[in-house]
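Enquirer: Sequence unavailable; structure follows:
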């Protein structure tokens, strides 16, 4: 404590060597986006029309998760 320290991952970030989740190539994985409530600590009470969302081209799943609503699709 009380001594400055440098970040151990800074060089990897600056040089592009750092690997992030989006850098992974997982066979068969599909993109997923989570829409969260607009308030801190908010939760999902209901989802209005999941059937209409599921009917959209490329949409595979619409799932309510503890932090919001997740949509899994073929592409972004």
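Expert: Looks like it arrived, so ask away. Being a predicted model, the structure only gives us computed values, none of them experimental. Residues are numbered from 1 along each chain as shown.

Enquirer: Tell me, how many residues neighbour residue 3?
Expert: Neighbourhood size, residue 3 [other CB atoms under 10 Å]: 4. Bear in mind the C-beta positions are built from the backbone N, C-alpha and C, glycine included.

Enquirer: Phi first, then psi, for it.
Expert: Backbone torsions for residue 3, taken as degrees, to the nearest 10, come to phi -120, psi 140.

Enquirer: the helices in the protein, which residues?
Expert: 10-15, 50-54 (DSSP state H).

Enquirer: now those in TSV, with mean neighbour count, distance to residue 74 and mean pLDDT?
Expert: Putting these into TSV (neighbours: other CB atoms under 10 Å; distance: least, CB to CB, whole Å; pLDDT from 0 to 100) gives the following:
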stretch	mean neighbour count	distance to residue 74	mean pLDDT
helix 10-15	10	31	90
helix 50-54	12	13	92
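
Enquirer: I'd like these as a markdown table, with distance to residue 63 appended.
Expert: Formatted as a markdown table, those follow (distance: least, CB to CB, whole Å):
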| stretch | distance to residue 63 |
| --- | --- |
| helix 10-15 | 32 |
| helix 50-54 | 9 |
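
Enquirer: Residue 33: neighbour count?
Expert: Using other CB under 10 Å, residue 33 has 11 neighbouring residues.

Enquirer: What's the per-residue pLDDT of it here?
Expert: Listed pLDDT for residue 33 reads 94.

Enquirer: Can you tell me the closest non-neighbouring residue to it?
Expert: Nearest non-adjacent residue to residue 33, counting by CB to CB, 6 or more residues apart in numbering: residue 71, 5.5 Å away.

Enquirer: ok, that neighbour - contacts?
Expert: By CB atoms under 8 Å, 6 or more residues apart in numbering, residue 71 lies in contact with 32, 33, 34, 35, 53, 59, 61, 62, 63.
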